[in-house]
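Colleague: Only the shape, not the letters, is given here:
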Ligand code: ZN
């Protein structure tokens with residue numbers, strides 16, 4: 001029995017079949033959401049370096065595929081995320097990151113290729129950087145905002161899955177940022193307090 005026997009044409013059309021490639025993270029049917037440098041204004045710590053980089057090129061910083069399953073607590077949302085290599089000043093490229101709208105929901109990321117970190121932070125101020133690389137699963141506990149950071153020289157590609165109705169809250173991170181940032185110092189990824197972060 002092969003896939004065409006198990007899954008009807010309707011199941012493909014309604015998105016119940018995942019077609020992303022777990023080697024390169026790409027999908028033939030799903031359309032990726034791309035985040036360009038210009039959409040991340042104010043998120044990198046070095047404003048001057050940001051403006052300079054933007055003048056040169058409005059690069060794609062990351063993109064992700066969502067399989068578009070029904071957003072109910074019975075389903076799992078899933079997809080792949082590709083964070084490109086690069087830095088703004090000394091700070092590595094990262095995804096905007098988000099809390100889940102339903103804060104008490106978890107997520108799993110699985111490293112497919114490339115290397116970097118998952119930055120976790122909860123509203124109470126607890127934060128962690130967890131390494132992610134091929135074959136490594138990262139568990140994002142409930143209540144933790146999560147951001148992927150590429151510290152390598154090739155795209156960091158991950159697979160992710162979460163409760164499909166969890167929802168994405170980007171606003172809090174866009175306005176407040178994270179308490180810590182990851183910069184390159186003497187060639188080594190180094191955690192630092194975010195100079196732009198302020199307690200409310
Ligand atoms: Zn999430």
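Modeller: Okay, I see it. On a predicted model such as this, the values are computed, not experimentally measured, just so you know.

Colleague: now for the helix or strand where residue 172 lies, which elements pack on it?
Modeller: For residue 172, the host element (DSSP states H and E) is helix 171-176. Contacts defined by 3 or more C-beta pairs under 8 Å, 6 or more residues apart in numbering; DSSP states H and E place helix 171-176 against strand 145-150. (Glycine included, C-beta is placed from N, CA and C.)

Colleague: Check what contacts the strand it packs on and list those residues.
Modeller: Defining contact as C-beta atoms under 8 Å, 6 or more residues apart in numbering, one finds that strand 145-150 is touched by 62, 81, 83-86, 92-99, 107, 109, 114-122, 129, 132, 140, 156, 158, 172-173, 178, 182.

Colleague: out of those, which are buried?
Modeller: Taking 16 or more other C-beta atoms under 10 Å as the criterion, what is buried in those is 62, 81, 83-85, 92-99, 107, 109, 114-121, 129, 132, 140, 156, 158, 173, 178, 182.

Colleague: okay, residue 80: pLDDT?
Modeller: Reported pLDDT at residue 80 in the predicted model: 94.

Colleague: who's in contact with the longest helix along the chain?
Modeller: The longest helix of the chain (DSSP state H) is helix 47-56. Outside helix 47-56, the residues within contact range by C-beta under 8 Å, 6+ apart are 37, 38, 41, 44, 59, 88, 89.

Colleague: quick one: which of these is most hemmed in?
Modeller: Neighbour tally across the contacts of helix 47-56 (other C-beta atoms under 10 Å): the maximum, 25 neighbours, falls on residue 88.

Colleague: Just list whatever residues bridge to it.
Modeller: Note on residue 88: beta-bridge partners residue 91, judged by DSSP bridges.
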